[in-house]
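**Student:** let me see the structure of the following:
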Amino acid sequence: MNSARTRRRHLLGAGLGALAAALAGCAGGSGPVPRLRLATGPPGGPYNAFGQALAQALAQALADSGSPLGIVPVTTAASVDNLRRLDEGSVDLALSMADVAEDAALGREPFTRKVPVTALARVYVNYTHLLVPAAGPARSVTDLAGRPLAAGAPGSGVQVLAGRLLRTAGLTAGPSPADERQLGLAESAAALRAGTVDAVFWSGGVPTPALTDLARRLPLRFLPLDGYAAELRRRYGPVYTEVTLPAGAYGLTGPVGTIGVGNYLLAREDVAADAVGELLRVVFDRRHDLLREVTAGVRLEPRFAISTGEVPLHPGAVAHYRSVYG
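**Tutor:** As a prediction, the model looks like this:
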């Protein structure tokens, strides 16, 4: 196993060395375009949409200006799965919720040791959704005691955050713990419609298309979560903030306070600095297109992008921000 991993890392290093050489040369070369593997998320989710949009943006940049870089989006279970793949070397880049990325960098559960990960940018904020049927009795998190609920797919950041929220609310122990079921977004929506779960946790942009579609079929109530933000920060660090699901989203007649968590674009430490700089150039040049299908009303700005907490910026990202923004 160790020798296989060593061989894989030698191959990765060789490939990245070739990439660095290609990027250092002129963009008009006729050789193949180096491509980095980006761990995204499940089909239909925001990470997958972002990864596909980024791959298209780089392809367009190649056509327009000869940008010498490409991306191969890899479908995954999302944040936790992505960090594990990044650590083992099967991908070069990854998307992750900030809390999971910091857990990896610090070696906290669900990781057994520190993962050598770096950040390229904080790209947008996830909004935590806790939804129940509008006709049902639940009006707060504590009303879900003893009830079945969809708490995210295995290997996802949603599962981590849902577990922390339920622990903070006192619903993981005692006489009536919540019945957490590991379901992805599509499965969760189907289970709520079928009545096999009473609530769904989700963390993503606003509006999330799958939930907009669900709200057309089933009147929904979104439970407030902002009251748990301070305790989550105390227990797990400053990545959790109070945000608001706006009136109008999903048919909401008024705003609902909830928890916000940033999303990071991450890289292995050994990804070439020139590749990182080129990638970030395209990300910022085409940021409006990249985020159009992910979340509404977002602004990707340098002061926002470099706020990556306990996850250090990749040296190529530091060089990029300094060269462009001083």
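
**Student:** where exactly do the helices run in the stretch 51-200 of the chain?
**Tutor:** Counting by DSSP state H, counting those that start in this stretch, one finds helices in the stretch 51-200 of the chain at the ranges 79-88, 98-106, 157-168, 185-194.

**Student:** tell me which of the ones you listed lies nearest to Val132.
**Tutor:** For the helices of the stretch 51-200 of the chain, the distance to Val132 is smallest for helix 185-194, at 7.9 Å, taking Cβ to Cβ. The way it works is simple: take the backbone N, C-alpha and C, and place the C-beta from them, glycine included.

**Student:** in that closest one, what counts as buried?
**Tutor:** 185, 187-189, 191-192 (16 or more other Cβ atoms under 10 Å).

**Student:** for those residues, which one is nearest Leu86?
**Tutor:** Checking the buried residues of helix 185-194 against Leu86 with Cβ to Cβ, the nearest one is Leu185 at 22.3 Å.

**Student:** contacting residues for that closest one?
**Tutor:** Shown in contact with Leu185 (Cβ atoms under 8 Å, 6 or more residues apart in numbering): 42, 44-45, 153, 202, 204, 208, 210.

**Student:** which one of those residues is nearest Ala98?
**Tutor:** Gly204 (13.7 Å).

**Student:** correct me, but that closest one touches Pro46?
**Tutor:** Yes: look at Gly204 against Pro46 with Cβ atoms under 8 Å: they come within range, at 4.8 Å.

**Student:** residue nearest the centroid of the protein?
**Tutor:** Ser96 (3.6 Å; Cα atoms, centre = their mean).

**Student:** Ser79 is in contact with that residue, correct?
**Tutor:** Yes: with contacts counted by Cβ under 8 Å, Ser96 reaches Ser79, the gap being 4.2 Å.

**Student:** longest strand anywhere in the chain?
**Tutor:** When the chain is scanned for its longest strand (criterion: DSSP state E), the result is strand 117-133.

**Student:** for the residue nearest to Ala53 when sequence neighbours are not counted, the count of nearby residues, please.
**Tutor:** Nearest residue to Ala53, sequence neighbours excluded (Cβ to Cβ, 6 or more residues apart in numbering): Leu290, at 4.8 Å. Number of residues near Leu290 (other Cβ atoms under 10 Å) recorded here: 24.

**Student:** and Leu290, which of the three is it?
**Tutor:** Using DSSP: H, G, I helix; E, B strand; the rest coil, the structure places Leu290 in helix.

**Student:** sorry, back to before: and the angle for the longest strand of the chain with helix 157-168?
**Tutor:** 70 degrees (axes from the mean of the first three to the mean of the last three Cα atoms, to 10 degrees).

**Student:** from Val261, how far off is the residue nearest to the centre of the chain?
**Tutor:** Ser96 is 10 Å from Val261, where distance means Cβ to Cβ, to the nearest Å.

**Student:** need the overlap of contacts for these two.
**Tutor:** Common contacts of Ser96 and Val261 (Cβ under 8 Å, 6+ apart): Gly157.

**Student:** could you tell me which residues touch both of Ser96 and Ser79?
**Tutor:** Common neighbours of Ser96 and Ser79 (criterion: Cβ under 8 Å, 6+ apart): Gly157.

**Student:** this structure: strands as residue ranges?
**Tutor:** Assigned by DSSP E, the strands in the chain fall at 35-39, 70-74, 93-97, 117-133, 148-150, 179-181, 199-204, 220-222, 240-245, 256-268.

**Student:** of all the residues in stretch 233-245, which ones are buried?
**Tutor:** 236-237, 239-241, 243-245.

**Student:** again but with stretch 189-208, I slipped
**Tutor:** Judged by neighbour count using 16+ other Cβ under 10 Å, the buried positions of stretch 189-208 are 189, 191-192, 197-208.
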